[in-house]
Structure formats: C-alpha cells, structure tokens
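**Student:** next come a sequence and a model predicted from it.
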Amino acid sequence: MVYDMRTYTLRPGGLQQYMDAVRDIGLPVRQKYGIKLAGWYYSEIGELNQVVHIWAFRDFEHMEAGKKQFRSDPQWERVSAAYTRAGRPARNENCLQPRFCARTGLAIQPFGCNIGAHRLR
C-alpha cells in the first residue's frame, strides 16, 4: 500500500464547507477510481483550521493513474473550486506500508502498523 497524506490549512469558518465538498463530491470521485479513504481528521486543539486526509493506493502505479483519473473527472472541477474557497494548498507526503502489515489485518491503518508510535527505552 502507498498512502498519500495531505494536510490543508483552512480559512477560519471554512471547515464545514470543506467537509461538505469532500463528503459530497471529493470522496465519491476518488472512490470511483479505486482510491480508498484511510483517514480524515480535523483539529480542535493546537493549530486550528487544519485538515488531514490520508488516501490509500495499491501501489505507486495506482497512485499515479488514480490521480490522473480523478483530476480529469468532470466532477473534480466542482471539488477543486470548493477546496480553493475553503483553504490554501496542501502539504503532501507519501508513505509506504511494510508488507507484514497487510498480513496483520491493518491494511488500511495510516502509516502501516503505526511503527514508531511507541517510545523505545
């Protein structure tokens, strides 16, 4: 699995408009091309007006093809316009899942099996 993690900073008051656009248009358009939502989060504490999406792809080839497909979908223009009204460009990161995580049933957990989430002593 390859995960595409995108962090957006929204304008104050733009969260609901943004969530509506993702729910109503952005998610269905991506799902049409086999892209899975692995996580979607927003901030209430700390740095406010932050939204994080994590999209799951089978591999890099699927990520490249899927992004081309959804960005050329006629519905995507509506999503893109709503995203632009609600916030600023995303910070983007790509993450790989180790093969052993798929065998543990954690295939759609962000960042594989959450390796590194525990403090080592």
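**Tutor:** Received the coordinates, thanks.

**Student:** wait, is residue 46 part of a helix?
**Tutor:** No: looking at residue 46 with DSSP: H, G, I helix; E, B strand; the rest coil, it is coil, so not inside a helix.

**Student:** tell me the predicted confidence for it.
**Tutor:** Model confidence at residue 46, given as pLDDT, is 80.

**Student:** now swap in residue 49 and tell me
**Tutor:** 86.

**Student:** and for it, the neighbour number?
**Tutor:** Using other Cβ atoms under 10 Å, residue 49 has 18 other residues around it. All C-beta atoms are positioned from the backbone trio N, CA, C, and that covers glycine.

**Student:** check contacts around it.
**Tutor:** 9, 10, 11, 12, 14, 15, 43, 87 (Cβ atoms under 8 Å, 6 or more residues apart in numbering).

**Student:** likewise for residue 48?
**Tutor:** Here residue 48 is in contact with residue 12 (Cβ under 8 Å, 6+ apart).

**Student:** could you check how far it is from residue 68?
**Tutor:** Going from residue 48 to residue 68 by Cβ to Cβ, to the nearest Å gives 33 Å.

**Student:** ok, so of the contacts of residue 49, who is nearest residue 54?
**Tutor:** Taking Cβ to Cβ as the measure, residue 43 is the one of these closest to residue 54, at 14.8 Å.

**Student:** state the mean pLDDT of the biggest helix by length in the chain.
**Tutor:** Scanning the chain for the helix with the most residues, using DSSP state H, yields helix 60-72. The average pLDDT within helix 60-72 is 92.

**Student:** which intervals of the chain have sub-threshold pLDDT?
**Tutor:** Scanning the chain with the threshold set as pLDDT under 70 gives 85-121.

**Student:** mind redoing it with 50?
**Tutor:** Low-confidence segments of the chain, defined by pLDDT under 50: 103-121.

**Student:** the helices in it, which residues?
**Tutor:** Counting by DSSP H, the helices of the chain are 15-21, 27-31, 60-72, 76-86, 99-103.
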